[in-house]
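S.K.: Fold the following and give me the result.
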Amino acid sequence: MILKNAYIWHNGIFVRRDLYIKNGNFVAKLENPEREINLEGKYVFPGFSDSHAHVLGVGIKSLTLNLEDNDIEQVLHSNREIVIGRGWSELPSDVSKLNDLKKPVILIRRCGHVAWINKYAMSFLKCNDHFIYEEELEKIWKLLPEEFYVKAFERGQEEFLKKGITSVHSDDLHGVSFETLLRLLRESKLRIYEKLYTSEPWKYEYGTIGISKIFGIKVFADGSLGGKTAYLSKPYVNSANYGKFTLPENFKEIVKFANNNGLQVCVHTIGDEALTRVLELLGKNYGHRIIHAQIIKKSDFSKLQNFVFSIQPHFFIEDQKIINYIPKGNFLLYPFKQMFNNGIKIAFSSDAPVSPHDPRYVIEGALKIGFTLEESIKLYTEASGMIINENIGKLHPGFKADFVVYSDKSLTNIEAVYVNGEKVY
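M.R.: This is a model prediction of the structure:
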């Protein structure tokens, strides 16, 4: 296939030239192409690649109640047998009304690390408190039928594609069986790089599945700042709480398995003390990934060079209120630009559904903390592939033919999205 007469994104500018595609990849030249598409006056951009988000989570959020405006009336009047909503930052003052409902009500915080459940759900889930945290939330996902997750996954991939995101490093082994996950990956039109949430990675298979790939293992070292479960070296302000350290006890065994099988371990790590402990346990097992890294001890900064990072530049803007929870100390807070300037390998991500799965939103956050537009685009396209040695995010021979066609250079009006050389949106 040949794309003719388009303006192609190249090194920060648009250049008028043709693009050639063969077997799902860009090539330097193509004799006698079977198809020719005239893109006269259109702008072609590499597909955005989100280095850490949740395809299933985005779909689930779209199929459940949105609690971002703290409206519990929609919960009270829901006709669902199990009421699930997500998005609150501070619980509404009248949440106790929900204890009168004779069905499970589960309200998940925006961060996804804390949930409030009503009395009926407490009994249903065998919990002793209205609040559940971290791995306890896995109980929730066992309540819903597998057909729900299939629908949610399909909705999630559609949501990413329509924003011009052609690949996602996702985390979807929640509620859905591994057999069903394999089927979803095989049928996916979105290119998915899957990291399996498990402390027993030897139970699963890895490698290429359709246009997607299971490449790694996901574990949690702590929780979230907003939920006050990120693990700190000093207690949260006006509290005796340090957060939670949740790294699996067999972490070294997981890393050894990953090393022996060419997999990447991806560790959710937000608090400074969690990061210190993860770096100590990783030692010289280089090349693995830290996700988030929002609070870093200055003494740990030099140790970051040997690892790769998925970071969210917009979190610094979103978290201005909860930064007040962080105690004073010898920390670097959200030092993403400093990491980049020091040659540490980072890639941008949205962490959707925690934040909007919109490249413009992520890039606007990056511009506000000092990244240039060209840097931001590279970190949300090509860099996402670089941290896992995949040729994506670049309109160049040898790279996957994942791209977006826009009607103008403002990059707001998407006309078509291609993955592996095929139109998918």
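
S.K.: can you pull the buried residues of stretch 22-33?
M.R.: Residues of stretch 22-33 classed as buried: 22, 25-26, 33 (neighbour count, 16 or more other C-beta atoms under 10 Å). For every residue, glycine as well, the C-beta is placed using N, CA and C.

S.K.: domain assignment for this protein?
M.R.: Domains of the chain are assigned by automatic domain parsing as 1-46+394-425, 49-56+146-392, 57-141.

S.K.: most tightly surrounded among the ones you listed?
M.R.: Highest mean neighbour count among the domains of the chain (mean count of other C-beta atoms under 10 Å): domain 49-56+146-392, with a mean of 20.

S.K.: Averaged pLDDT, that one. What do you get?
M.R.: If you average the pLDDT over domain 49-56+146-392, you get 97.

S.K.: how far out from the middle of the chain is it?
M.R.: 6 Å (C-alpha atoms, centre = their mean, to the nearest Å).

S.K.: Span of that domain from start to end?
M.R.: Length of domain 49-56+146-392, first residue to last, C-alpha to C-alpha, to the nearest Å: 8 Å.

S.K.: Over to stretch 366-375?
M.R.: End residues of stretch 366-375 are separated by 9 Å (C-alpha to C-alpha).

S.K.: for the stretch 51-200 of the chain, what spans make up the helices?
M.R.: 55-63, 73-76, 119-125, 138-141, 146-161, 178-187 (DSSP state H, counting those that start in this stretch).

S.K.: For the third one, give the mean pLDDT please.
M.R.: By that I understand helix 119-125. Mean predicted confidence for helix 119-125 is 90.

S.K.: list the helices and strands it packs on?
M.R.: Contact partners of helix 119-125 among helices and strands, from 3 or more C-beta pairs under 8 Å, 6 or more residues apart in numbering; DSSP states H and E: strand 105-109.

S.K.: Go again with 10 Å.
M.R.: strand 83-88, strand 105-109, strand 114-117, strand 131-133, helix 138-141 (3 or more C-beta pairs under 10 Å, 6 or more residues apart in numbering; DSSP states H and E).

S.K.: ok, back up a step: out of the buried residues of stretch 22-33, the closest to residue 79 would be?
M.R.: residue 25 (49.1 Å; C-beta to C-beta).

S.K.: Next, work out how far apart the nearest residue to residue 161 once chain neighbours are set aside and residue 294 are.
M.R.: Excluding the flanking residues, the one nearest residue 161 by C-beta to C-beta, 6 or more residues apart in numbering is residue 425, at 4.4 Å. Per C-beta to C-beta, to the nearest Å, residue 425 is found 33 Å from residue 294.

S.K.: ok, now how distant is residue 382 from residue 306?
M.R.: Residue 382 is 21 Å from residue 306, by C-beta to C-beta.

S.K.: Equivalent analysis for residue 185, please.
M.R.: Distance from residue 185 to residue 306, by C-beta to C-beta: 30 Å.

S.K.: With residue 53 instead?
M.R.: Distance from residue 53 to residue 306, by C-beta to C-beta: 25 Å.

S.K.: Quick one: residues contacting residue 316.
M.R.: By C-beta atoms under 10 Å, 6 or more residues apart in numbering, the residues touching residue 316 are 294, 323, 333-337, 365-366, 368-369.

S.K.: Does it belong to a helix, a strand or coil?
M.R.: Secondary structure assignment for residue 316 (DSSP: H, G, I helix; E, B strand; the rest coil): helix.

S.K.: start the count at 10, not 1, going forward
M.R.: Noted, 10 is the first residue going forward, which turns the last one into residue 325.

S.K.: So which residues of the stretch 210-359 of the chain form strands?
M.R.: 216-218, 221-229, 273-278, 298-301, 304-306, 317-320, 340-342, 354-357 (DSSP state E, counting those that start in this stretch).

S.K.: So the nearest residue to residue 284 once chain neighbours are set aside versus residue 197, what's the distance?
M.R.: Nearest-residue entry for residue 284: residue 278, 5.0 Å, with adjacent residues in sequence omitted and distances by C-beta to C-beta, 6+ apart. Residue 278 sits 28 Å away from residue 197, taking C-beta to C-beta as the criterion.
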